[in-house]
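[1] just the structure for this:
(one chain, ligands or ions: 2)
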Amino acid sequence: MAGESRTRGYHSGSVDTVLSVDEVAREAEKLREAVPEERLVALARGEPFVSIRGLRAGYGNMEILHDFTLHVARGQSLCLIGPNGAGKSTVLHSVYGFTRIFGGSIVVGDGSARRDITRLTPERKLKEARVAYILQDKSVFPGMTVEENLLMGGFLLHSPRAAKEAAERVFGKYERLAARRHHPARVLSGGERRLLEISRALVMEPDVLLLDEPSIGLEPRFIDLVFEILHDLQHKEGKTILMVEQNAKKGLEFADLGYVLVSGQLGLAGTGGELLANPEVGRLFLGG
Ligand SMILES: Nc1ncnc2c1ncn2[C@@H]1O[C@H](COP(=O)(O)OP(=O)(O)O)[C@@H](O)[C@H]1O
Ligand SMILES: [Mg+2]
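    Ligands and ions are numbered 1, 2, ... in the order given. Here you go, the predicted structure:
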């Protein structure tokens, strides 16, 4: 899939208007402007809940993110967009503890509960800092029932009973899953499978959801379903959402805030609406 989409670039429009990924990356470099941190804090309503400051992180000895800063308020959503390979997934991996961190900090929480989680293990991030990374793309076990898959989300809870209760809460919320609880997960549609992936993370009652391309591989009607579910989680349950979305239009329409990442650095930041209205963002990432 990756190979094919690479040559097609980012447009959904007619083929002759398509920019190659290399062209998008080159042009995106020109977009980059210095965004003062005060502006980022203001976008997070002056009260950031998740703050990434001066982050330098990567894999092995390779630094992918250079002095990257991000702020998002509690109950806000932020979408990272940018060219392929810009480091978007690496931002999420860093928050969750899957990268090597060379410098900078990641802080989560408000008031006196605010704490530095930069070097916590993923397990402690989930359990103590209530940050969940939504595993997707083949992370559902097809031969196991929907219920068994969901219960796996509670593996860190202190008892099987606590996991069962947490799973029941999720079933109470999502009728579509409850109706299929004893069916093998392989019978789920693409959209239901994505819902199961998200639900599995909800078992731990996280405050912060990290989502890497929630719409990937889904038919359009399921994409809308996934964004509706995320909308509910943000607006009805106050979850803070940090997502990466290749479908930049959907992502920016959904999210309160948008950041454009270019070569491991912040290129542009604004409200989702501001970025949607930015002609250069439109030309490079929105297919118009
Ligand atoms: N596990 C990994 N080990 C080494 N390099 C990686 C790994 N994952 C990603 N990279 C590299 O990090 C860079 C940024 O990748 P990524 O964060 O996945 O970009 P994006 O999500 O914006 O497409 C790329 O050059 C990629 O090859
Ligand atoms: Mg990625």
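
[2] following element in sequence after the lengthiest helix in the chain, please.
    Ranked by number of residues, the top helix in the chain under DSSP state H is helix 220-235. Sequence order places strand 240-244 as the next helix or strand after helix 220-235, per DSSP states H and E.

[3] tell me which other helices or strands the longest helix of the chain touches.
    helix 190-202, strand 208-212, strand 240-244, helix 248-254 (3 or more Cβ pairs under 8 Å, 6 or more residues apart in numbering; DSSP states H and E). Any C-beta I mention is one placed from the backbone N, CA and C, and that applies to glycine too.

[4] tell me the buried residues in that helix?
    By 16 or more other Cβ atoms under 10 Å, the buried positions in helix 220-235 come out as 222, 223, 225, 226, 227, 229, 230, 233, 234.

[5] from the chain's centroid, how far away is stretch 38-52?
    A distance of 17 Å separates the centroid of the chain from that of stretch 38-52, by Cα atoms, centre = their mean, to the nearest Å.

[6] what does it rub up against?
    68-76, 91, 94-95, 104-110, 131, 207-208, 240, 242, 257, 269-271 (Cβ atoms under 8 Å, 6 or more residues apart in numbering).

[7] redo that, cut-off 7 Å
    Outside stretch 38-52, the residues within contact range by Cβ atoms under 7 Å, 6 or more residues apart in numbering are 68-74, 76, 95, 106-110, 208, 240, 242, 257, 269, 271.

[8] which of those fall within helices?
    residue 95.

[9] whichever of the contacts of stretch 38-52 end up buried, select them in ChimeraX.
    Of these, the buried ones can be selected in ChimeraX as follows, counting by 16+ other Cβ under 10 Å:
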select :68,69,70,71,72,73,74,76,95,106,107,108,109,208,240,242,257,269
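
[10] just the ones of the contacts of stretch 38-52 in strands?
    68-73, 106-108, 208, 240, 242, 257, 269, 271 (DSSP state E).

[11] quick one on the thing from earlier: looking at the helices and strands packed on helix 220-235, which is nearest to residue 81?
    helix 248-254 (4.3 Å; Cβ to Cβ).

[12] which strands or helices does the closest one pack on?
    Judged by 3 or more Cβ pairs under 7 Å, 6 or more residues apart in numbering; DSSP states H and E, helix 248-254 is in contact with strand 77-81, helix 220-235, helix 272-277.
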